[in-house]
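[1] how would this look folded up:
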Amino acid sequence: MNEKLYIVDTTGPFFVRHPKTLINWSKVPYENLEKKGAFGKKTRKKIKGNFEKYIDKVASLGFNAVSMDELSRLVIFPFYPPELKTKLEQYRRYYRRLFGIVKERGLKIFITTDIMFHNPSIEAHTRGKRGRVPALLKEALEILFIEFPEVDGVIFRMGESDGVDVEGDFKSRLYIKTPAQANRCIKDLLPIFERYRKLMIFRTWTIGAHKVGDLMWNRKTYDRVFQGVHSARFIVSMKYGDSDFFRYLKLNSHFFNGPQRKIIELQARREYEGFGAFPSFTGWDYHEYYRLLQGIENLAGIHVWCQTGGWSRFRNFTFLKNTSPWNELNTVSTLKIFKDGCSVREAVSAWYRGERLNQLMKFLALSDQVVKWLLYDPALSHRCLYFNRVRIPPL
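    Residues are numbered from 1 along each chain as shown. Below is the predicted model:
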């Protein structure tokens, strides 16, 4: 129960059928996996091959858990139409195979979900009334834990919904708007996790919408959201700063607030810095966060994003075909720093086994300066400015 979690995302293996132009890397592109409404055998085979290769790699590196999209594809409600039930049953059978691959390697499984996913059937069932949504989400969790006991927990995103580009059978909407609603939602759902001995991971990430939109940085909002939440089955998950995955951010002060266990989210494929198309080394920044977190007894672990996040035309699939060495370096070094307490140089040497380590370290230092001095404006980036509940990006 007290074992540190070293979680890594798993979206990359699912990108086998995707647009040739701009790609939304925020989650699995389910609508692109289906052809004429069917999840075809050829597509399933490609994903499974990618997934096995990827899981073998991250397990060998030392990760002990994975995050996988998503809850909406694993739950069938009685009121769904027959064609949707048939499709979801196909997904569920397929996910059982993927879960088996993960468990054979000894890794934990955490399913992601937004609060809350919707479709016309859900809309009709709830009659558009917000008050009916919590009961439906609780029912979904019950179904998940009963029918997929191999799942170890759920990661909730409450502060961002699907973009306008997301299509398919489900689309999420923002449900939680106030700190009181967030607190009530957590307390409503937590008993289910305690009953089934699973972990509830609640992310503080928001896009600034509504009164709960400053959860990432406002101490008062944070305290209201997590007031009275005390459980060994509950973890707060936070990005390292008080904004998105940018540079020039101080360590989020919320890591030092409240008794709840906490996970720090770290991005290895830098969505604002080229997606791995050029070196954007995170080692020095992440080692500083690691240093500052020493002595924090309630740090539950890390969640490394080596594939997820952002929109781009770049096609770098970390640890798969068309990988990026810079994304791989960031992923390996992040794990080595936070799991093994390595220095930056030691973390780099865990990835690079060649004889020119000194030259590589110098190159990484120079590329780090290029990113911080040219891609960012240091004069602006050092300023901490907020507008409408959002920290203004330092980029």
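
[2] all strands for the stretch 201-350 of the chain, in order.
    234-239, 261-267, 299-305, 311-312 (DSSP state E, counting those that start in this stretch).

[3] out of those strands, flag the one nearest residue 207.
    strand 234-239 (12.3 Å; C-beta to C-beta). Placement of C-beta: from N, CA and C, glycine included.

[4] what strands flank that closest one, and is each parallel or antiparallel?
    strand 199-203 (parallel), strand 261-267 (parallel) (DSSP bridges).

[5] those strands into JSON lines, with extra columns for mean neighbour count, mean pLDDT and distance to residue 349?
    Shown next, in JSON lines, are the strands paired with strand 234-239 (neighbours: other C-beta atoms under 10 Å; pLDDT from 0 to 100; distance: least, C-beta to C-beta, whole Å):
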{"stretch": "strand 199-203", "mean neighbour count": "24", "mean pLDDT": "99", "distance to residue 349": "32"}
{"stretch": "strand 261-267", "mean neighbour count": "23", "mean pLDDT": "99", "distance to residue 349": "20"}
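
[6] residues in contact with residue 326?
    Residue 326 makes contact with 276, 278, 279, 280, 281 under the criterion C-beta atoms under 8 Å, 6 or more residues apart in numbering.

[7] buried subset of those residues, written for PyMOL?
    Of the contacts of residue 326, the buried ones go into a single PyMOL selection, burial set by 16 or more other C-beta atoms under 10 Å:
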select buried, resi 276+279+280+281
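
[8] and the contacts of residue 326, which is closest to residue 121?
    For the contacts of residue 326, the nearest to residue 121 is residue 276 (38.9 Å; C-beta to C-beta).

[9] and the contacts of residue 326, which is closest to residue 333?
    When these are compared against residue 333 (criterion: C-beta to C-beta), the nearest one is residue 281, at 7.7 Å.

[10] grab the nearest non-local neighbour of the closest one.
    Nearest residue to residue 281, sequence neighbours excluded (C-beta to C-beta, 6 or more residues apart in numbering): residue 364, at 4.5 Å.

[11] run a quick neighbour tally on that neighbour.
    22 (other C-beta atoms under 10 Å).

[12] top helix in this protein by residue count?
    The longest helix of the chain (DSSP state H) is helix 82-104.

[13] quick one: low-confidence parts of the stretch 51-200 of the chain?
    Applying pLDDT under 70 to the stretch 51-200 of the chain flags residues 164.

[14] quick one: the helices in it?
    For the stretch 51-200 of the chain, helices defined by DSSP state H, counting those that start in this stretch occupy the ranges 82-104, 120-126, 133-147, 179-196.

[15] can I get those helices in CSV including mean neighbour count and distance to residue 230?
    CSV is the format used below for the helices of the stretch 51-200 of the chain (neighbours: other C-beta atoms under 10 Å; distance: least, C-beta to C-beta, whole Å):
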stretch, mean neighbour count, distance to residue 230
helix 82-104, 15, 30
helix 120-126, 14, 31
helix 133-147, 17, 20
helix 179-196, 18, 10
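
[16] report pLDDT for residue 48.
    Residue 48 carries a pLDDT value of 97.

[17] tell me the SS of it?
    helix (DSSP: H, G, I helix; E, B strand; the rest coil).

[18] for the contacts of residue 326, give me a markdown table that also has pLDDT and distance to residue 7.
    Putting those into a markdown table (pLDDT from 0 to 100; distance: C-beta to C-beta, whole Å) gives the following:
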| residue | pLDDT | distance to residue 7 |
| --- | --- | --- |
| 276 | 91 | 20 |
| 278 | 94 | 27 |
| 279 | 96 | 25 |
| 280 | 96 | 22 |
| 281 | 98 | 22 |
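
[19] out of the contacts of residue 326, which comes closest to residue 63?
    Checking the contacts of residue 326 against residue 63 with C-beta to C-beta, the nearest one is residue 276 at 18.5 Å.

[20] let me see the contact set for that closest one.
    Per C-beta under 8 Å, 6+ apart, neighbours of residue 276: 269, 270, 314, 316, 318, 324, 326, 327.
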